[in-house]
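A.B. asks: Let's see this in three dimensions:
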Amino acid sequence: MQLVINQTGTNICRRAGAFEIRNTSGIHKFSPEKIDSMLISGGVKLTADAILLAVQHEIDILFVDYRGQPQARIWSHHYGSISTIRKQQIHFATHAEGSRWLTGLLSQRLEAAAHLLKSLRSDRPAKAEAIDGCISTLESLASRIRKEGGKLLGDAVKARLRGWEGTASRAYFALLAQLVPEGYQFDRRSRRPAEDMFNCTLNYCYGILYGRVEIALIRAGIDPYLGVFHRDEHNRPVLVYDQIEAYRVWAEAVVLQLCFRQVLGEEMFGKKNGGLWLETLGKKVVITAMNDYLAEVVQYNHRRRSRLQHMQEDAHALAKHILSVKGAAEEKDL
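C.D. replies: Below is the predicted model:
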């Protein structure tokens, strides 16, 4: 379970081996055995004893800004595994196996998007031709990306991958803009800031995923700051930007359902810094929907687990993959 605490004036302390949360809505107690993470924003006070209780039970404490973007994290000073994994990451990033892993992720992302569109097709016969055209584009680009697997990720290969990724994204979101009900439609993909309700909600859901992916990597003993594809940036967990490609469609599926059910209303959004942002009520609705989706048990990689468990297993599988790479890379950038 994830505790979401965003009410200004809330106090979190430790009492009798449990978390005690006090605010204007009352006093609430939670056993650490039932919590896997805390999401905190706003003026919340957290005692040292509560922090140590979270660390002892491997509970991730994540602080986010008003956009839902992770800003700070409290976690044990121990990694989830031996340092050999992190030493191998640099080699993995420059090895053909790193390229195969990355192109597999990027193609998986496009194939998952195509699968989502197929699930929407039967209820939208008027849009069938447009949907089929976009599916064809995504699948064709996924095939091209897979063929790059095994080539070292030099500038030429990365440029091709980014070009295909950008083409796929434009086609995909242009179609989603047509599929959502009136009131949720948008002109383009917008990020900082979002210009409409769809993009605002999607950005927030992506933010939730970023936090979840990062802690999964840390628990597996992987350094989230040593990336493979995305450019190195100061204080940016670039490996998270690589790994999240496998799960972006989860956020998109949640936002689409909120739009189709017309759950999101204008009163859930506010204007700030020239863009649209989720207000407290909107955050409650979106966080609940996203967490429920992540907790759902589904078939994935031939196993039935919650999506969060699948995410953690993927991180452990990546750690094993990194450790399995031996020897110097001999392939050339073509």
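A.B. asks: Tell me where the chain is predicted with low confidence.
C.D. replies: In the prediction, the chain carries residues with pLDDT under 70 at positions 77-82, 232-235, 326-334.
A.B. asks: Could I get the full set of helices for it?
C.D. replies: Assignment of helices within the chain using DSSP state H yields the ranges 48-56, 84-93, 96-121, 128-147, 155-179, 197-219, 238-243, 248-260, 280-295, 307-324.
A.B. asks: Helix 248-260 and the longest one, what's the angle between them?
C.D. replies: The one in question is helix 96-121. Helix 96-121 runs at 20 degrees relative to helix 248-260, counting by axes from the mean of the first three to the mean of the last three CA atoms, to 10 degrees.
A.B. asks: got a list of what the spatially most central residue of the chain touches?
C.D. replies: Centre of the chain computed as the mean C-alpha position; nearest residue by CA atoms, centre = their mean is residue 209, 2.5 Å away. By CB atoms under 8 Å, 6 or more residues apart in numbering, the contact list for residue 209 reads 244, 247-248, 250-251. The way it works is simple: take the backbone N, C-alpha and C, and place the C-beta from them, glycine included.
A.B. asks: between the residues you listed, which is nearest residue 39?
C.D. replies: Taking CB to CB as the measure, residue 39 lies nearest residue 251 of those, at 15.3 Å.
A.B. asks: out of the helices of the chain, nearest to residue 70?
C.D. replies: When the helices of the chain are compared by CB to CB, helix 197-219 sits nearest residue 70, at 4.6 Å.
A.B. asks: quick check, distance from the closest one to the centre of its chain.
C.D. replies: Between the mean C-alpha location of helix 197-219 and the chain-wide mean there is a distance of 4 Å, by CA atoms, centre = their mean, to the nearest Å.
A.B. asks: What residues sit buried inside stretch 62-70?
C.D. replies: In terms of neighbour count (16 or more other CB atoms under 10 Å), stretch 62-70 has its buried residues at 62-64, 66-68, 70.
A.B. asks: So which of these sit within strands?
C.D. replies: 62-64, 70 (DSSP state E).
A.B. asks: Show me which pair in those is furthest apart.
C.D. replies: In these, the most distant members under the criterion CB to CB are 63 and 70, with 7.4 Å between them.
A.B. asks: re the thing from before, save the helices of the chain as CSV, and put in distance to residue 16 too.
C.D. replies: As requested, the helices of the chain are exported to CSV (distance: least, CB to CB, whole Å):
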stretch, distance to residue 16
helix 48-56, 11
helix 84-93, 38
helix 96-121, 45
helix 128-147, 53
helix 155-179, 49
helix 197-219, 27
helix 238-243, 36
helix 248-260, 36
helix 280-295, 27
helix 307-324, 28
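A.B. asks: Just name the most buried of those helices.
C.D. replies: Between those, helix 197-219 has the highest mean count of neighbours, a mean of 24, where neighbours are mean count of other CB atoms under 10 Å.
A.B. asks: now the angle between helix 307-324 and that helix, please.
C.D. replies: With the same axes, to 10 degrees applied, the angle from helix 197-219 to helix 307-324 works out at 50 degrees.
A.B. asks: Just the C-alpha atoms of helix 197-219, please, in CSV.
C.D. replies: Listed in CSV are the C-alpha atoms of helix 197-219, where the atom choice follows Å, rounded to 0.1, in the frame of the first residue of the first chain:
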residue,chain,number,x,y,z
MET,A,197,-6.3,18.3,-18.9
PHE,A,198,-5.1,15.2,-20.8
ASN,A,199,-1.5,16.2,-20.8
CYS,A,200,-1.6,17.5,-17.2
THR,A,201,-3.0,14.2,-16.0
LEU,A,202,-0.6,12.1,-18.1
ASN,A,203,2.4,14.1,-16.8
TYR,A,204,1.3,13.4,-13.3
CYS,A,205,0.9,9.7,-13.9
TYR,A,206,4.3,9.6,-15.5
GLY,A,207,5.7,11.2,-12.4
ILE,A,208,4.2,8.4,-10.3
LEU,A,209,5.9,5.9,-12.6
TYR,A,210,9.3,7.6,-12.4
GLY,A,211,9.3,7.3,-8.6
ARG,A,212,8.2,3.6,-8.7
VAL,A,213,10.8,2.7,-11.4
GLU,A,214,13.6,4.4,-9.5
ILE,A,215,13.0,2.7,-6.3
ALA,A,216,12.7,-0.7,-8.1
LEU,A,217,16.1,-0.2,-9.6
ILE,A,218,17.6,0.8,-6.2
ARG,A,219,16.2,-2.2,-4.5
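A.B. asks: change the start of the numbering to 824 and stick with it
C.D. replies: All set: I'll call the first residue 824, so the last point we hit is now helix 1020-1042.
A.B. asks: Look up how far residue 883 lies from the nearest residue in space to residue 1136 that is not next to it in sequence.
C.D. replies: On the basis of CB to CB, 6 or more residues apart in numbering, the spatially nearest residue to residue 1136 that is not a chain neighbour turns out to be residue 1128, at 6.9 Å. Computed with CB to CB, to the nearest Å, the distance linking residue 1128 and residue 883 is 19 Å.
A.B. asks: of those two, who's got more company?
C.D. replies: residue 883 (23 against 16; other CB atoms under 10 Å).
A.B. asks: Hmm, that one is touching residue 858, no?
C.D. replies: No - if you go by CB atoms under 8 Å, residue 883 and residue 858 don't touch, sitting 9.5 Å apart.
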